[in-house]
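> Model the following, please.
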Amino acid sequence: MGQLLAGPFATVLLAWFGAEVIKIEPPGTGDPLRSWRTLHKGTSLWWYSLARKQKCITLDLRQKRGQEIARQLAERVDVIVENFKPGTLEKWGLGFEDVKTINPRVIMARISGWGQTGPYAHKPGFAAVARAWVGCGM
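Prediction:
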(Lines give C-alpha, C1' and ligand atoms only; values in the text may rest on other atoms or scores of the structure.)
Protein backbone atom coordinates (compact mmCIF):
# COMPACT_ATOMS: atom_id res chain seq x y z
CA MET A 1 0.00 0.00 0.00
CA GLY A 2 2.98 2.29 -0.42
CA GLN A 3 3.30 5.04 -3.00
CA LEU A 4 5.98 7.30 -4.45
CA LEU A 5 9.35 6.40 -3.03
CA ALA A 6 9.38 5.06 0.52
CA GLY A 7 6.82 2.27 0.15
CA PRO A 8 7.94 1.07 -3.29
CA PHE A 9 11.61 1.12 -2.25
CA ALA A 10 10.85 -1.07 0.76
CA THR A 11 8.79 -3.53 -1.26
CA VAL A 12 11.23 -3.80 -4.17
CA LEU A 13 13.85 -4.88 -1.62
CA LEU A 14 11.49 -7.61 -0.42
CA ALA A 15 10.87 -8.65 -4.04
CA TRP A 16 14.61 -8.79 -4.78
CA PHE A 17 14.93 -11.28 -1.91
CA GLY A 18 12.16 -13.48 -3.28
CA ALA A 19 8.95 -12.19 -1.72
CA GLU A 20 5.80 -12.17 -3.80
CA VAL A 21 4.73 -8.52 -3.68
CA ILE A 22 1.21 -7.37 -4.52
CA LYS A 23 1.16 -3.61 -4.93
CA ILE A 24 -2.16 -1.83 -4.41
CA GLU A 25 -2.59 1.30 -6.54
CA PRO A 26 -5.41 3.84 -6.66
CA PRO A 27 -7.71 3.90 -9.70
CA GLY A 28 -7.18 6.38 -12.49
CA THR A 29 -3.54 7.39 -12.23
CA GLY A 30 -2.07 4.50 -10.26
CA ASP A 31 0.96 5.17 -8.10
CA PRO A 32 2.16 8.75 -8.69
CA LEU A 33 5.63 7.23 -9.15
CA ARG A 34 4.49 6.00 -12.59
CA SER A 35 4.77 9.56 -13.94
CA TRP A 36 7.28 11.12 -11.54
CA ARG A 37 10.19 13.03 -13.05
CA THR A 38 12.13 11.66 -16.04
CA LEU A 39 9.94 9.61 -18.39
CA HIS A 40 10.76 6.92 -20.94
CA LYS A 41 7.90 6.17 -23.35
CA GLY A 42 5.48 7.85 -20.95
CA THR A 43 6.57 5.99 -17.82
CA SER A 44 8.90 7.20 -15.09
CA LEU A 45 12.36 5.70 -14.89
CA TRP A 46 11.80 5.52 -11.12
CA TRP A 47 8.80 3.25 -11.78
CA TYR A 48 10.88 0.89 -13.89
CA SER A 49 13.36 0.39 -11.06
CA LEU A 50 11.08 0.48 -7.98
CA ALA A 51 8.15 -1.57 -9.30
CA ARG A 52 10.22 -4.45 -10.62
CA LYS A 53 9.12 -7.96 -9.68
CA GLN A 54 5.82 -6.66 -8.24
CA LYS A 55 2.26 -7.54 -9.18
CA CYS A 56 0.00 -4.49 -9.34
CA ILE A 57 -3.72 -4.32 -8.67
CA THR A 58 -6.08 -1.36 -8.60
CA LEU A 59 -8.22 -0.82 -5.50
CA ASP A 60 -10.05 2.28 -4.36
CA LEU A 61 -9.32 2.07 -0.65
CA ARG A 62 -11.61 5.06 -0.05
CA GLN A 63 -14.58 2.86 -1.02
CA LYS A 64 -16.09 -0.01 1.00
CA ARG A 65 -15.55 -2.57 -1.80
CA GLY A 66 -11.86 -1.69 -2.10
CA GLN A 67 -11.48 -1.99 1.68
CA GLU A 68 -13.21 -5.39 1.64
CA ILE A 69 -10.84 -6.71 -1.03
CA ALA A 70 -7.85 -5.32 0.89
CA ARG A 71 -9.05 -7.20 4.00
CA GLN A 72 -9.34 -10.42 1.95
CA LEU A 73 -5.75 -9.98 0.80
CA ALA A 74 -4.64 -9.16 4.35
CA GLU A 75 -5.93 -12.55 5.53
CA ARG A 76 -3.27 -14.30 3.43
CA VAL A 77 -0.19 -12.05 3.56
CA ASP A 78 2.83 -12.03 5.82
CA VAL A 79 3.74 -8.34 5.61
CA ILE A 80 1.88 -5.13 4.81
CA VAL A 81 3.92 -2.07 3.89
CA GLU A 82 2.18 1.31 3.91
CA ASN A 83 3.20 4.93 3.80
CA PHE A 84 -0.03 6.89 4.07
CA LYS A 85 -0.44 9.79 6.46
CA PRO A 86 -0.79 8.45 10.03
CA GLY A 87 -4.41 7.54 10.77
CA THR A 88 -5.43 6.98 7.15
CA LEU A 89 -5.60 3.18 7.37
CA GLU A 90 -7.44 3.39 10.69
CA LYS A 91 -10.03 5.66 9.04
CA TRP A 92 -10.58 2.94 6.43
CA GLY A 93 -10.71 0.09 8.97
CA LEU A 94 -7.36 -1.25 7.71
CA GLY A 95 -5.03 -0.22 10.54
CA PHE A 96 -2.78 -2.71 12.30
CA GLU A 97 -5.28 -3.50 15.05
CA ASP A 98 -8.01 -4.07 12.44
CA VAL A 99 -5.86 -6.32 10.24
CA LYS A 100 -4.43 -8.21 13.21
CA THR A 101 -7.92 -9.46 14.09
CA ILE A 102 -8.19 -11.25 10.72
CA ASN A 103 -4.51 -12.26 10.46
CA PRO A 104 -2.79 -12.47 13.86
CA ARG A 105 0.62 -13.27 12.30
CA VAL A 106 0.73 -10.21 10.01
CA ILE A 107 3.59 -7.72 10.25
CA MET A 108 2.84 -4.12 9.30
CA ALA A 109 5.67 -1.79 8.31
CA ARG A 110 4.47 1.79 8.56
CA ILE A 111 6.60 4.44 6.89
CA SER A 112 6.03 8.10 7.67
CA GLY A 113 8.25 11.14 7.87
CA TRP A 114 7.73 11.85 11.55
CA GLY A 115 6.32 8.62 12.99
CA GLN A 116 2.76 7.56 13.73
CA THR A 117 2.31 9.65 16.89
CA GLY A 118 3.74 12.79 18.38
CA PRO A 119 3.66 16.49 17.61
CA TYR A 120 4.90 16.20 14.00
CA ALA A 121 3.04 13.03 12.93
CA HIS A 122 0.50 15.01 10.89
CA LYS A 123 3.19 16.89 8.93
CA PRO A 124 4.29 15.77 5.45
CA GLY A 125 7.53 13.80 5.50
CA PHE A 126 9.17 14.05 2.10
CA ALA A 127 12.95 14.27 1.75
CA ALA A 128 12.80 17.97 0.79
CA VAL A 129 10.84 18.71 3.97
CA ALA A 130 13.41 16.87 6.10
CA ARG A 131 16.27 18.80 4.47
CA ALA A 132 14.46 22.06 5.22
CA TRP A 133 14.01 21.08 8.88
CA VAL A 134 17.70 20.29 9.27
CA GLY A 135 18.52 23.93 8.55
CA CYS A 136 16.07 25.33 11.09
CA GLY A 137 17.50 23.78 14.26
CA MET A 138 14.72 21.33 14.93
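
> which secondary element of the chain has the worst mean pLDDT?
Among the helical and strand segments of the chain, the one scoring lowest on mean pLDDT, DSSP states H and E is helix 127-134, with a mean of 74.

> Which residues does that one contact?
Leu5, Gly113, Lys123 (C-beta atoms under 8 Å, 6 or more residues apart in numbering). In this view, the C-beta of every residue, glycine as well, is placed from N, C-alpha and C.

> That helix: how far from the chain's middle?
Per C-alpha atoms, centre = their mean, to the nearest Å, the displacement of helix 127-134 from the mean C-alpha position of its chain is 21 Å.

> Run through this structure and note the low-pLDDT ranges.
Of all residues in the chain, those with pLDDT under 70 make up the ranges 136-138.

> Helices of this protein, residue ranges please.
6-16, 45-50, 64-74, 88-91, 96-102, 127-134 (DSSP state H).

> Now do the last one against helix 6-16, angle only.
In terms of direction (axes from the mean of the first three to the mean of the last three C-alpha atoms, to 10 degrees), helix 127-134 departs from helix 6-16 by 120 degrees.

> one step back: for Ile57, state which of the contacts of helix 127-134 is nearest.
Nearest to Ile57 out of the contacts of helix 127-134 is Leu5 (C-beta to C-beta; 20.1 Å).

> re earlier: which among the contacts of helix 127-134 end up buried?
Applying a neighbour-count criterion of 16 or more other C-beta atoms under 10 Å, the buried members of the contacts of helix 127-134 are Leu5, Gly113.

> In TSV, list the contacts of helix 127-134 along with distance to Val134.
Listed next are the contacts of helix 127-134 as TSV, based on distance: C-beta to C-beta, whole Å:
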residue	distance to Val134
Leu5	18
Gly113	13
Lys123	14
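
> Can you tell me which of the contacts of helix 127-134 lies closest to Thr38?
Nearest to Thr38 among the contacts of helix 127-134, counting by C-beta to C-beta, is Leu5 at 14.1 Å.

> Confirm for me that that closest one is in contact with Ala51.
No: under the contact definition of C-beta atoms under 8 Å, Leu5 does not touch Ala51, with a separation of 11.6 Å.
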